[in-house]
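1. Got a sequence here, can you model it:
(2 chains)
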Amino acid sequence: MTESTWTRKDLLGIAQLEPSEIELILDSAQTFLEVARRPIKKVPTLRGKTVVNLFFEPSTRTRSSFEIAEKRLSADSLNFSSSSSALVKGETLIDTALNLQAMAPDLVVIRHGHPGVPQMLAERIEAGVINAGDGAHEHPTQALLDALTIRQHKGRLAGLTVAIIGDIEHSRVVRSNIHLLTKMGATVRVAGPRTMMPAFVERLGVEVAYTLEEAIAGADVVMMLRIQLERQGKKLFPSVREYFQLFGLTRERLKAARRGAIVMHPGPMNRGVEIASDVADGSSSVILEQVANGVAVRMAVLYLLSGMHREAA
Amino acid sequence: MGTNLKPKKSLLDGKQMERVIRRMANQLVERNRGSKELVLVGIRTRGVPLAELLAADLERLEGHSVPLGILDITLYRDDLSTIAPQPVVRETSFPDGSIDGRVLVLCDDVLYTGRTIRAALDALIDFGRPRAVQLAVLIDRGHRELPIQADVVGRTVATSGDEVIEVRFAATDGDDGVDLLERVEAS
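-> Okay, here's the model as predicted:
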C-alpha cells in the first residue's frame, strides 16, 4: 500500500513524477473504480469545486471521460472548446488564462495543440492544471490509465516488456507511456515506419524495432497507436493497405507475443489500418477496460490535485 | 516546533480488551435477539479489526458467521477542504453487494467528535437503504460536535482535548491494547 502523499499543484506530465507518485495515483484510481459499480455513482468529495475543461483541440473521449469523472466527484464543470472559445476571436492565450483566473476555478483541464501550453498556464494561474494532451509532448492521464490496465492484468509493471507500434514521432501517448513504463521498471520496445520514428528515440531508454514481428516477440503487452489518417497528406507511408500489411496487428502476428499478452489501443481505432477487427474484439483485447479505467484515473487525479491548489494560493 | 505524544496511562491491556469486546458482542446479540440479520461494517482503519473480532465472538455465541463489510469514509469527510494534502482513498466493500433491508452495525475504535460517523452514514446511504444502522465503538471519549451516540460502547473514558486515545489491534499493530497519551510541546 502506498503511504506517500500528493504535493503537486498540477499534473503536467509523467516526466517529472516520482515512481511513488505514480503508484499513489494508480492505487487511488483502483479505489475509484468501485464508485462506478455502485447504484449511486457519485460521491460528494468535490462538492462546491469548479473545474474548467479547456479543449483547444477536438476531443470526444478524453473530454467526456474527464466530464464523467468530475460529475462523479460532484464538482461543477464548465466546458470551453475550440469552436466556442474566444481564442478563435483573437484573444491571446495569456489573456485567456487571466480571464480564467478571474473566474476563480479550482482546477483547469487543458488540451492544446502546442507543447508546453499547460505549463505556461500553470505558472500563471492559482488553479491546479491537468494536462489532457499538449501537442506531441505528453498525455499523462492516458499513460496512467494504460498503466492501471496493465497492472490489473499482469499484477505489476516492473519486468514486463511493452511493445508500442505506430506513429512514434507524433504521439504524446507514446512519450508519456515511455516515461511511465521505464520509471516503473518495464522494458519498452517501439516500432513503426522509419518516417514515423523520431531521431535518437533510443535516448528515451527504449528498444527500437523496425518490424512489427521484431517488436512483438515475447512482449507481455502490445500497444497499437492510432494512425492519424488526417495526416496522410504528409505521405509518411505509401498507402493505408501497405501500412496494414507491414504494421497492422493481426491474430497471426499476435502469436509471437508472450502467452496471455494483452492488446491495447488508446482509441479511436482504425479497424483494418493499425489493428484487425478480430484482434480488437478478441479475448486478448483490453481496449474497453482502458476506457473504464480512464474515468477512475481522472477521478484520482482530480481528487489528489484538488487538495493542493490552496497551498499555491 | 510541533508536538510529541507521551504515554499517560494504560486503559485496557490485551486481556481486558478481549473481555470488553466479548461483552460488546453479547450486547449486540441481546439488542438484536440474535445475530441473524446483522452485517458488521468496520470503518477504516481500526474499525475493521474491531468488526472482525466482534464477528468472531458473535460466531462463537450464536453458531453462525456474520457477514463483514469495510467502509472507507475519505470521500465523505467534511474537512477535505481544510486539510492538505489529500488523504489516501481506500476501497469500500460489502458482502454480496446490496445492503438493502439489512441491519448494519457500524464499528469504530474511538467515538470522539462524531464527524466520522456522520460521514459513514452519508456513505452508507449511497450504497442502499439498510433497515437500521447501529453503532458499536470500543472507546467513547466524549467531546461530541454532532448529535450522535453509540448503541454499544466498550468503555467510556473522560478525556481532555490535548489527550489522545491510542487503540492497537494485533491484526494491524502487533498487539492488543488501549492507551491514553498526552500531547506535549516538543522542545
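
2. how about the helices in chain B?
-> Assigned by DSSP state H, the helices in chain B fall at B:14-32, B:47-62, B:115-127, B:170-173.

3. and the longest one, what other elements does it pack with?
-> Right, helix B:14-32. Other helices and strands packing on helix B:14-32, by 3 or more C-beta pairs under 8 Å, 6 or more residues apart in numbering or on different chains; DSSP states H and E, are helix B:47-62, strand B:132-140, strand B:152-156, strand B:177-185. Every residue, glycine included, has its C-beta placed from N, CA and C.

4. tell me the most buried of the ones you listed?
-> Highest mean neighbour count of the helices and strands packed on helix B:14-32: strand B:132-140, a mean of 22 (counted as mean count of other C-beta atoms under 10 Å in any protein chain shown).

5. which residues sit against that strand?
-> The contact list for strand B:132-140 (C-beta atoms under 8 Å, 6 or more residues apart in numbering or on different chains) reads B:11, B:17, B:20-21, B:24, B:28, B:31, B:50, B:54, B:103-111, B:117, B:121, B:124, B:148-157, B:165, B:167, B:178.

6. which residues sit in contact with the closest residue to chain B within the stretch 101-250 of chain A?
-> Distances between the stretch 101-250 of chain A and chain B by C-beta to the nearest C-beta are smallest at A:D106, namely 9.7 Å. Counting by C-beta under 8 Å, 6+ apart, A:D106 touches A:L46, A:K49, A:T50, A:V51, A:A75, A:A127, A:G128, A:S306, A:H309.

7. On the three-state scheme, the first one is what?
-> It refers to A:L46. What DSSP: H, G, I helix; E, B strand; the rest coil gives for A:L46 is coil.

8. Chain neighbours aside, what residue packs nearest to A:L17?
-> Closest residue to A:L17 apart from its sequence neighbours, by C-beta to C-beta, 6 or more residues apart in numbering or on different chains: A:K183 at 7.3 Å.

9. rewinding a little: which of the helices and strands packed on helix B:14-32 comes out lowest on mean pLDDT?
-> Among these, strand B:177-185 carries the lowest mean pLDDT, at a mean of 93.

10. Would you mind listing what in the stretch 151-300 of chain A touches chain B?
-> Residues of the stretch 151-300 of chain A lying close to chain B (C-beta under 8 Å from any C-beta of the partner chain) are A:A300.

11. measure whichever residue of the stretch 151-300 of chain A sits closest to chain B to A:T31 for me?
-> Nearest residue of the stretch 151-300 of chain A to chain B, counting by C-beta to the nearest C-beta: A:A300, 7.8 Å away. As judged by C-beta to C-beta, to the nearest Å, A:A300 and A:T31 stand 8 Å apart.

12. tell me which parts of chain B are close to chain A?
-> Counting by C-beta under 8 Å from any C-beta, chain B sits next to chain A at B:72, B:75-76, B:80-81, B:83-86, B:88-93, B:122, B:126-128.

13. shaky segments in the stretch 201-313 of chain A?
-> A:231-234, A:308-313 (pLDDT under 70).

14. hang on, the earlier thing: now the residues of chain B next to chain A: which count as buried?
-> Among the residues of chain B next to chain A, those buried by neighbour count (16 or more other C-beta atoms under 10 Å in any protein chain shown) are B:72, B:75-76, B:80-81, B:84-86, B:88-90, B:92, B:122, B:126-128.

15. for the longest helix along chain A, packing partners?
-> Assignment by DSSP H gives helix A:287-306 as the longest helix of chain A. When contacts are defined as 3+ C-beta pairs under 8 Å, 6+ apart, helix A:287-306 sits against helix A:19-35, helix A:61-72, strand A:107-112, strand A:128-134, helix A:140-154, strand A:262-264.

16. got the CA coordinates for the second one in CSV?
-> Translated: helix A:61-72. Taking C-alpha atoms only, helix A:61-72 is exported to CSV below (Å, rounded to 0.1, in the frame of the first residue of the first chain):
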residue,chain,number,x,y,z
ARG,A,61,-13.3,10.6,-25.5
THR,A,62,-10.8,12.4,-23.2
ARG,A,63,-13.2,15.3,-22.6
SER,A,64,-16.2,13.1,-21.8
SER,A,65,-14.0,10.9,-19.6
PHE,A,66,-12.9,14.0,-17.6
GLU,A,67,-16.5,15.2,-17.5
ILE,A,68,-17.9,12.0,-16.1
ALA,A,69,-15.0,11.9,-13.6
GLU,A,70,-15.9,15.5,-12.5
LYS,A,71,-19.6,14.7,-12.2
ARG,A,72,-19.0,11.5,-10.2
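
17. Show me the contact partners of the helix or strand just after it.
-> Reading on from helix A:61-72 to the C-terminus, the next helix or strand found by DSSP states H and E is strand A:76-81. Strand A:76-81 is contacted from outside by A:48-56, A:58, A:63, A:66-67, A:70-71, A:105, using C-beta under 8 Å, 6+ apart.

18. From A:D134, how far out is the nearest residue to A:S82 once chain neighbours are set aside?
-> With C-beta to C-beta, 6+ apart as the criterion, A:S82 has its nearest non-adjacent residue at 4.9 Å, and that residue is A:F56. A:F56 sits 9 Å away from A:D134, going by C-beta to C-beta.

19. Spit out the contact partners of A:L98.
-> Residues near A:L98 by C-beta under 8 Å, 6+ apart: A:R124, A:I125.

20. which stretches of the stretch 101-250 of chain A form strands?
-> A:107-112, A:128-134, A:161-165, A:187-191, A:207-209, A:221-224 (DSSP state E, counting those that start in this stretch).

21. Please work out how many residues are found near residue 28.
-> No chain in the question, so chain A it is. Using other C-beta atoms under 10 Å in any protein chain shown, the number of residues around A:S28 comes to 23.

22. That was the other one, I meant chain B.
-> 26.

23. Repeat that for A:G307.
-> Count around A:G307 with other C-beta under 10 Å applied: 19.

24. For it, which non-adjacent residue is spatially closest?
-> That would be B:Q86: by C-beta to C-beta, 6+ apart, it lies 3.5 Å from A:G307.

25. Help me confirm that the one you found comes into contact with A:W6.
-> Yes. Counting by C-beta atoms under 8 Å, A:W6 is a contact partner of B:Q86 at 6.1 Å.

26. give me the residue from chain B nearest chain A.
-> Closest point on chain B to chain A, by C-beta to the nearest C-beta, is B:Q86, at 3.5 Å.

27. In contact with that residue, which residues?
-> By C-beta under 8 Å, 6+ apart, the contact set of B:Q86 is A:T5, A:W6, A:Y303, A:L304, A:S306, A:G307, A:M308, B:L80.

28. contacting residues around the residue nearest in space to the middle of chain B?
-> Centroid-nearest residue in chain B, with C-alpha atoms, centre = their mean: B:D108, separated by 0.3 Å. Taking C-beta under 8 Å, 6+ apart, we find B:D108 in contact with B:G42, B:I43, B:R46, B:G47, B:L50, B:T116, B:I117, B:A120, B:L135, B:A136, B:V137, B:L138.

29. what do you get if the cut-off is 6 Å, keeping everything else the same?
-> Each residue near B:D108 by C-beta atoms under 6 Å, 6 or more residues apart in numbering or on different chains is listed here: B:I43, B:G47, B:V137.

30. How about it, nearest residue that isn't a chain neighbour?
-> B:G47 (4.0 Å).

31. Over to B:G174?
-> Per C-beta to C-beta, 6+ apart, closest to B:G174 is B:R168, 7.2 Å.

32. now do B:D179
-> Spatial nearest neighbour of B:D179, excluding adjacent residues (C-beta to C-beta, 6+ apart): B:E166 at 4.7 Å.

33. Look up the pLDDT of the one you found for me, please.
-> pLDDT, B:E166: 95.

34. Same question for B:F127.
-> Looking at B:F127, its pLDDT reads 89.

35. count of neighbours near residue 129?
-> Chain wasn't specified; assuming chain A. Neighbours of A:V129 under the rule other C-beta under 10 Å: 27.

36. wait, chain B
-> B:R129 has 12 nearby residues by other C-beta under 10 Å.
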